[in-house]
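Enquirer: Build me a model:
(chains A and B)
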Protein chains: 2
Amino acid sequence: MSQDQEFSPSEMRWDPVYRTWSIIAPERGKRPGSFLRKEDFPQKKLSDEESPFSYLNDHATPPPILKISDPEGKYPWKIKVIPNKYPVLRVEGIIERSAEGLYDIISGVGAHEVVIEHPRSEPTSYDLSVNEILEILKVYRERILDLKKDIRFRYIMVFKNEGNLAGATIAHLHSQIVALPERPLQIQTLLNSMREHFDRKERCLYCDILSEERKIGKRIVFEDENFVILCPFASQYPFELLILPIEHNHAFEFQSDRLLYALALTLHNALARLGKSLDRPHFNLAIITAPPAIPKLTRPHYWSSLKEDFHWHLRILPRIVFQAGFEWGSGIYLNPVPPEEAAAHLKEINPY
Amino acid sequence: MSQDQEFSPSEMRWDPVYRTWSIIAPERGKRPGSFLRKEDFPQKKLSDEESPFSYLNDHATPPPILKISDPEGKYPWKIKVIPNKYPVLRVEGIIERSAEGLYDIISGVGAHEVVIEHPRSEPTSYDLSVNEILEILKVYRERILDLKKDIRFRYIMVFKNEGNLAGATIAHLHSQIVALPERPLQIQTLLNSMREHFDRKERCLYCDILSEERKIGKRIVFEDENFVILCPFASQYPFELLILPIEHNHAFEFQSDRLLYALALTLHNALARLGKSLDRPHFNLAIITAPPAIPKLTRPHYWSSLKEDFHWHLRILPRIVFQAGFEWGSGIYLNPVPPEEAAAHLKEINPY
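Expert: Numbers count the residues shown, from 1 in each chain, chains lettered A, B, ... in the order given. Down below sits the predicted model:
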């Protein structure tokens, strides 16, 4: 690192998995107003009476797909999964692939579910206990396994928008599950990167990254025997975190209760560090798991042995900078905080 | 369109040039709070005394690279180009390509300039006259032509962030020019799409799109003999606009004064329609021009006859929705407004 120099030179860094360039530009972080402040973008807080997702307003949402009861019996439920009232895609119908002149269309068939992670409107992700996180992870697992039974779906994604700067429109703790009729380009890119690496080397690309990062150490925030929290080499956002399972496995949804508990511990640890160092920043979180296999005959170039080729992981992106015209026009990310500095900083935080 | 149905079914649409999927999901637009309101994200207005970019504060910015004098003599200059004080990339040095274990690095050599488009802090892009826009376009042209002389640069991008929702940190009318040591993936994707199309058909992909869109008509907002304003089939954002020159040409910077005047008229027209229909939304704008040719020997797969393969264009993205975890995790864009509806709406607006 170059904190001692007058100018910190910037670098373009290539992410071999996501196949994107990031420009790590420390000078940019010295601009006045270079980081977003939550106070400048106030989000209306909701009382339990107002929140459509609260336990007081069960009538305001569609009947639940899944309910986890409250062990203490204080609330009618602890976690609730409902169909999204304003879905991106609808579950009914067959998937039609059609052409309109030069263009291609797929009918909007899929699933869009909301996981309401707490009966009350007050808590945020930063307030959840390890056990509460564990219960939520188990719900994700159950819903993914159920949605995978529907062979129409080519990908199932789990993500969370925490706070309005991360795109949340309702200020009540929730995440979303979307099942898509097509593999997202980004997932196919990951799969291609990992498959090409494996074809050449008979090793997993993320396993190689893990081994290199553990050897270098400077981008690692925390590790135990199951997971590593690190700031990726070509981080797209400042303080971006990657949670990688140390044992190679392609799919989040095949993990045992024991491993989910270890993940809950790790996620709690990661959020505590972020929360303490950046004043509970808004963030996006995504669980990246292998897509369902597509029958080889349908799309030979899509097929691969997912078990060897994919390594599931979890990403957290604090939203403390805006993506602007540069990122959108180039597909290159601009990040003012070198991941080595972010990691050094987060490593020092006591998460307990 | 399906305004009359109770539910408007969504569609996944493929953009054959940008090679991305967008989900056009009209139901999502019916959510409460589904569109951002500028009032909820106030940006500090700057007086001429406060703005570092105003004519009163020439001492606050580096010496200009280019100055256009004010024909009326009211201000010391009309437009001023300066090096960015907090640059993404620096102009000094040679471009080094290196490896760090598994990873790739390019030293951060490039150029980063700011085009201050008005001496005063008050006006926004919506206040510019056709002649003022023309002068700005000429400045872009001059700077691109100058930067292209430097053979270290593989792409020169011109973009504008208008308003804080579009990522502008200083509330004074300006745009930016960045010269990069590497072709952005997105530009390479465009080039690949257009080249593959041309190789097979000996026709330009955008020329084909133009001809189809003009035949169908429903996504065209305005056209004259030089330009078409349209809402792209697979629009990534609500009310996204594409300005396409009707005559095939690969590079913005090779356009004549006459054509730049026609572009200024078109851009003024497009902004007036957006401004009137969406209350002057914040937006990003980018001029997408062909990258400089790379010598064939260096990267054979990068080389192509740019003249046939590229069709320059201009994109405008109003920022009235947040990109959230879904877009980031999938690379699929979620757009609640069908481009046909956006075009029908914008077509009705009187821009004068």
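Enquirer: Name the next helix or strand downstream of the helix or strand of chain A with the lowest mean pLDDT, please.
Expert: In chain A, the helix or strand scored least confidently by mean pLDDT, DSSP states H and E is helix A:306-309, which has a mean of 82. Next helix or strand after helix A:306-309 toward the C-terminus (DSSP states H and E): strand A:313-318.
Enquirer: what's the average pLDDT for that next one?
Expert: For strand A:313-318, mean pLDDT is 96.
Enquirer: pLDDT on stretch A:154-164, on average?
Expert: Here the average pLDDT along stretch A:154-164 is 94.
Enquirer: no no, stretch A:206-219
Expert: Here the average pLDDT along stretch A:206-219 is 95.
Enquirer: Could you give me the buried positions within it?
Expert: A:206, A:207, A:208, A:209, A:210, A:213, A:219 (16 or more other C-beta atoms under 10 Å in any protein chain shown). For glycine as for every other residue, the C-beta is placed from the backbone atoms N, C-alpha and C.
Enquirer: Now flag whichever of those is closest to residue B:187.
Expert: Comparing those against residue B:187 with C-beta to C-beta places residue A:209 closest, at 27.2 Å.
Enquirer: sec struct for the residue nearest to the spatial centre of chain A, please.
Expert: In chain A, the centroid-proximal residue (C-alpha atoms, centre = their mean) is residue A:286; its distance is 1.3 Å. Following DSSP: H, G, I helix; E, B strand; the rest coil, we place residue A:286 in the strand state.
Enquirer: May I have the beta-bridge partners of it?
Expert: residue A:159, residue A:315 (DSSP bridges).
Enquirer: which parts of stretch A:274-283 are buried?
Expert: Quick answer for stretch A:274-283 (16+ other C-beta under 10 Å): A:274, A:275, A:277, A:278, A:280, A:281, A:282, A:283.
Enquirer: Stretch A:136-153 now?
Expert: A:136, A:137, A:138, A:139, A:140, A:141, A:143, A:144, A:146, A:147, A:148, A:153.
Enquirer: do stretch A:88-95 as well
Expert: Buried, per 16+ other C-beta under 10 Å, within stretch A:88-95: A:88, A:89, A:90, A:91, A:95.
Enquirer: gap between the residue lying closest to residue A:284 once chain neighbours are set aside and residue B:204?
Expert: Among residues not flanking residue A:284 along the chain, residue B:325 sits closest, at 3.9 Å (C-beta to C-beta, 6 or more residues apart in numbering or on different chains). Using C-beta to C-beta, to the nearest Å, we find residue B:325 at a distance of 36 Å from residue B:204.
Enquirer: Ok, residue A:140 next?
Expert: Counting by C-beta to C-beta, the gap from residue A:140 to residue B:204 is 46 Å.
Enquirer: before we move on, what about residue A:38?
Expert: Taking C-beta to C-beta, one finds residue A:38 at 47 Å from residue B:204.
Enquirer: So residue A:322 is in contact with residue A:36, correct?
Expert: Yes. Counting by C-beta atoms under 8 Å, residue A:36 is a contact partner of residue A:322 at 6.5 Å.
Enquirer: which SS class is residue A:95?
Expert: Applying three-state DSSP: residue A:95 is coil.
Enquirer: just residue A:135 next, same as before
Expert: Assignment for residue A:135 (three-state DSSP): helix.
Enquirer: One more: residue A:195?
Expert: helix.
Enquirer: Surely it and residue A:311 touch.
Expert: No. At 11.4 Å, residue A:195 does not count as touching residue A:311 under the criterion of C-beta under 8 Å.
Enquirer: other SSEs contacting the biggest helix by length in chain A?
Expert: The residue-count maximum for a helix in chain A (DSSP state H) belongs to helix A:257-277. Under the contact definition 3 or more C-beta pairs under 8 Å, 6 or more residues apart in numbering or on different chains; DSSP states H and E, helix A:257-277 sits against helix A:130-148, strand A:220-223, strand A:227-230, strand A:241-245, strand A:313-318, helix A:339-348.
Enquirer: quick one, what contacts residue A:91?
Expert: By C-beta atoms under 8 Å, 6 or more residues apart in numbering or on different chains, the contact set of residue A:91 is A:83, A:109, A:110, A:111.
Enquirer: Quick check, pLDDT for it.
Expert: 87.
Enquirer: Which residue comes closest to the one residue in the stretch 101-250 of chain A that gets nearest to chain B once chain neighbours are left out?
Expert: Residue nearest to chain B within the stretch 101-250 of chain A (C-beta to the nearest C-beta): residue A:167, separated by 2.5 Å. Closest residue to residue A:167 apart from its sequence neighbours, by C-beta to C-beta, 6+ apart: residue B:324 at 2.5 Å.
Enquirer: Could you give the number of residues near that neighbour?
Expert: 21 (other C-beta atoms under 10 Å in any protein chain shown).
Enquirer: my read: it touches residue A:161, true?
Expert: Yes. Counting by C-beta under 8 Å, residue B:324 does reach residue A:161; the two are 4.5 Å apart.
Enquirer: Around chain B, pick out the residues from the stretch 1-150 of chain A.
Expert: Where the stretch 1-150 of chain A comes near chain B, counting by C-beta under 8 Å from any C-beta of the partner chain, the residues are A:7, A:9-14, A:16, A:19-21, A:23-25, A:27-28, A:30-34, A:40-42, A:85-90, A:93, A:100-108.
Enquirer: Out of the residues you listed, which sit inside strands?
Expert: A:11-14, A:21, A:23-24, A:100, A:103-107 (DSSP state E).
Enquirer: Buried subset of these as a ChimeraX selection?
Expert: Provided next is the ChimeraX selection string for whichever of these are buried by 16+ other C-beta under 10 Å:
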select /A:11,12,13,14,21,23,24,103,104,105,106,107
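Enquirer: and the ones in strands among the residues of the stretch 1-150 of chain A next to chain B as JSON lines, adding pLDDT?
Expert: Formatted as JSON lines, those follow (pLDDT from 0 to 100):
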{"residue": "A:11", "pLDDT": "91"}
{"residue": "A:12", "pLDDT": "92"}
{"residue": "A:13", "pLDDT": "93"}
{"residue": "A:14", "pLDDT": "92"}
{"residue": "A:21", "pLDDT": "91"}
{"residue": "A:23", "pLDDT": "91"}
{"residue": "A:24", "pLDDT": "91"}
{"residue": "A:100", "pLDDT": "87"}
{"residue": "A:103", "pLDDT": "92"}
{"residue": "A:104", "pLDDT": "91"}
{"residue": "A:105", "pLDDT": "92"}
{"residue": "A:106", "pLDDT": "91"}
{"residue": "A:107", "pLDDT": "89"}
